[in-house]
Structure formats: C-alpha cells, structure tokens
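Chemist: Here is my input, please return the structure:
(one chain, ligands or ions: 2)
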Amino acid sequence: MLTFIDYGNSKGGAKGRIWAIDPIDGTKGFLRGGQYAVCLALMVDGDVKVGVLGCPNLPIDDAAPLSGGMESGQTDEGKGCLFSGVLGQGAVSRPLTTGALAASQKISMKAITDIAAATFCESVEAGHSSHGDQAEIAKKLGITNPSVRMDSQAKYASIARGAGDIYLRLPVKATYQEKIWDHAAGDLIVREAGGAVTDIHGKRLDFSIGRTLADNKGVVAAPTGGHAQVLAVVQEVLKIK
Ligand SMILES: Nc1ncnc2c1ncn2[C@@H]1O[C@H](COP(=O)(O)OS(=O)(=O)O)[C@@H](OP(=O)(O)O)[C@H]1O
Ligand SMILES: [Mg+2]
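Modeler: Ligands and ions are numbered 1, 2, ... in the order given. Alright, predicted model coming up:
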C-alpha cells in the first residue's frame, strides 16, 4: 500500500488525466475524533471532472444540524457519508457502507435569502485560515450564528448539502500555496450543488498549474446568489481593493 502511494509523484499540470488523492484530509481532525475526509478527484487537462469525498464522521442525513465533531455518545450508526460530483451532472450524497454502493440522492446548497441568517464553516486550525478576519467578515455581513469549525474538505461537503452556507479560507501566511488534493473534489461538488467557488481575488481555483494552486490565494465558497456580496466584504476586510 505504501509503495503504491509512493507512485503518486505526478507534477500535475494542464495536460492529460490526473488523479488527485488525499487519503486522510484533515489529519488533525482524524486524530481528535472530529471531521476528516478521504478525497479523490479526476482532472482532465487541468479541469476537475469528477470529485468524491468520503466523510466517515458526518451524519448520513443531509438535513442534520451542522457540527464540527462527533457528539458525545454518538455511535457509528447514522453517520458516514459519501459525496460525489460529476462536471455538468450535479452532486449527490449517499450513506457510506461496507457493502455495495448505497442509493444516492441529489444535494444542493441552500439559496441565500438573508445573508445575516447564514452559517459559516471554518477551519479548526487558526494557522490554516484566519479566525480574526473571519469574525470581522461575519460582523460586517450581520451574521450572528457562531461559525462551525471542522477539519478537512467536510466543510465543502457540508455547505454543498445545505447544512452550512459559506466556507472561507482566509490566508494566514502570504507564502502558503494551497494543495490541489485539499480542494479539487470539494470545489467541484460545491459548484455542482449550486455554489460558486473562487479565491479571495474572485478568481476560479486553477487546478492546471501543478501540485499547488499557485495562482490563487484563499477560498471563498458560497451559494451562487450570495457569492458576490460575501466576496466584496472579504476584500474589504482583507483590504484587497
Ligand atoms: N499554513 C497553512 N495554510 C493553509 N492550509 C494549510 C496550512 N498548512 C497545512 N495546510 C493544509 O490544510 C489541510 C487541512 O485543512 P483543514 O481545512 O482541515 O484545516 S483545519 O485543520 O481544519 O484547520 C491540511 O491537509 P492534511 O495534511 O491532509 O490534513 C494541509 O494540507
Ligand atoms: Mg489534506
């Protein structure tokens, strides 16, 4: 198995079929019994065509309340969800099973009618996304719901199923380049569920450059109808324009 993983030495890029895999995304979440994800994406000529997120600690029910960890007393019953998206064909969720693939159901983001009633998903680690900037953005948008902190691409999956509304990843270090395997599947699943995903400059995430998102900074993921409003406040707080 380890030898097989070591074959994963592609430089990425804009040509050919490339699989991006993150066997355990949100390693710290995995270790602390919170959220983590097994992530897979197929890119063809730099464009993500298929994205899959296995989230063993998310509830099966798309309508279940958003929560960062496993609640005390929670058992394996009722949790474990597999999300997938195919470019142009929408996004679905299905229970994770040990047997045959379970039946899927279509997922979609919640349309934003009142941004002040929205809920943010954010990283647990303040070193991965600035909690201070996030709090200021929430205040300016009039959002009073506490942000739900969870590790891994489970954040993308959660907003895609309408359990949360907005996912921001706000750069802490100017030099950090996001890795394609940390975003490819989630980016497609959110877009196929009716969301818009850009960086803090409003550019689509560009998976065609190599192993990192070298041309992007941060992530702003929100329902299509509310994305421009969220991005404007992100840029105001980060003093981008
Ligand atoms: N400085 C910095 N800035 C941004 N991102 C970073 C940084 N350092 C690491 N990483 C990557 O973050 C991945 C985990 O992302 P999460 O959103 O789960 O972060 S958090 O733990 O919830 O805060 C994590 O993925 P995994 O290693 O698979 O857990 C890292 O690739
Ligand atoms: Mg990762």
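Chemist: Ala160 is in contact with Ile189, isn't it?
Modeler: Yes: contact criterion C-beta atoms under 8 Å: Ala160 and Ile189 qualify, at 4.9 Å. To be clear about C-beta, it is placed using only N, CA and C from the backbone, and glycine gets the same treatment.
Chemist: what is in contact with those two at once?
Modeler: Taking C-beta atoms under 8 Å, 6 or more residues apart in numbering as the criterion, Ala160 and Ile189 both touch Phe83, Gly85, Ala91.
Chemist: Helix, strand, or coil at the first one?
Modeler: This means Phe83. strand (DSSP: H, G, I helix; E, B strand; the rest coil).
Chemist: Verify the stated contact: it with Ala91.
Modeler: Yes: using C-beta under 8 Å, Phe83 is in contact with Ala91, at 6.7 Å.
Chemist: For Gln105, name its beta-bridge partners.
Modeler: Gln105 forms beta bridges with Ser93, as assigned by DSSP bridges.
Chemist: same check, this time on Lys179
Modeler: Beta-bridge partners, per DSSP bridges, of Lys179: Thr212.
Chemist: quick one: stretch 40-54 near ligand 1?
Modeler: No: figure legend: stretch 40-54 not in contact with ligand 1 (C-beta under 6 Å from any ligand atom); closest approach 12.2 Å.
Chemist: So which bits of that stretch are buried?
Modeler: By neighbour count with 16 or more other C-beta atoms under 10 Å, stretch 40-54 contains the buried residues Leu40, Ala41, Leu42, Met43, Gly46, Val48, Lys49, Val50, Gly51, Val52, Leu53, Gly54.
Chemist: what does stretch 94-110 give?
Modeler: Residues Arg94, Pro95, Leu96, Ile107, Ser108, Met109, Lys110 are the ones in stretch 94-110 that count as buried (16+ other C-beta under 10 Å).
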